[in-house]
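Novice: just to be clear, the model below is a prediction. Sequence and coordinates:
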Amino acid sequence: MAKKEATVKSAEKGKSPAKGKASVGKTGFQFCAPEATEVYLAGDFNNWDTQATPMKKDKKGMWKTALLLKPGRYEYRFFVDDSWVSDLSCSGCVPNEFGTMNCVVIVG
């Protein structure tokens, strides 16, 4: 099986938030799986819906998507060809109720 690797990138918008409101920043997710036919991003930001956030594959086999997320802590995983896969580049993981690990991203 080919190497699967993922990265999360966060880029804050240059605007100051309105008083009392958290700013929303664009957070990018990447997952390298050239052999995959479908990759989705699922997490607590989309109620773990395995079909809600499809990722798009580039010519090099890197799957990408970006979400507008408020600052906070989010758990996520990738759903690759009907199987759950963790982000191998994520250094912060937590156990889930299914005996596997969820990845954690902090949006600042």
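Specialist: That came through, no problem. Everything numeric here is computed off the predicted structure, so don't read it as measured data.
Novice: hang on, Asn96 packs against Cys103?
Specialist: No. Asn96 sits out of contact with Cys103 when judged by C-beta atoms under 8 Å, with a separation of 10.1 Å. Using the backbone N, CA and C atoms, a C-beta is placed for each residue, glycine as well.
Novice: between those two, which is the more surrounded one?
Specialist: Legend: neighbour count by other C-beta atoms under 10 Å for Asn96 and Cys103, higher for Cys103 (23 against 13).
Novice: for Val94, see how far away that one is.
Specialist: Applying C-beta to C-beta, to the nearest Å, the value for Cys103 to Val94 is 8 Å.
Novice: overlap in contacts of those two?
Specialist: Contact criterion C-beta atoms under 8 Å, 6 or more residues apart in numbering; residues shared by Cys103 and Val94: Glu75.
Novice: secondary structure class for Cys103?
Specialist: strand (DSSP: H, G, I helix; E, B strand; the rest coil).
Novice: can you pull up the most central residue in the protein?
Specialist: Centre of the chain computed as the mean C-alpha position; nearest residue by C-alpha atoms, centre = their mean is Phe29, 4.6 Å away.
Novice: verify the stated contact: that one with Met62.
Specialist: No. Using C-beta under 8 Å, Phe29 is not in contact with Met62, being 10.6 Å away.
Novice: so how far is Arg77 from the residue lying closest to Met101 once chain neighbours are set aside?
Specialist: If the residues on either side of it in the chain are set aside, Met101 comes closest to Cys93, at 4.2 Å by C-beta to C-beta, 6 or more residues apart in numbering. Noted for Cys93: a distance of 10 Å to Arg77, by C-beta to C-beta.
Novice: what sits in contact with each of those two?
Specialist: Common contacts of Cys93 and Arg77 (C-beta under 8 Å, 6+ apart): Ser86, Asn102, Cys103.
Novice: pop out the phi and psi values for the residue nearest to Met101.
Specialist: When read as degrees, to the nearest 10, the backbone of Cys93 gives phi -120, psi 150.
Novice: what's the local residue count around it?
Specialist: Counted with other C-beta under 10 Å, the neighbours of Cys93 add up to 15.
Novice: tell me where the model's unsure across this structure.
Specialist: 1-22 (pLDDT under 70).
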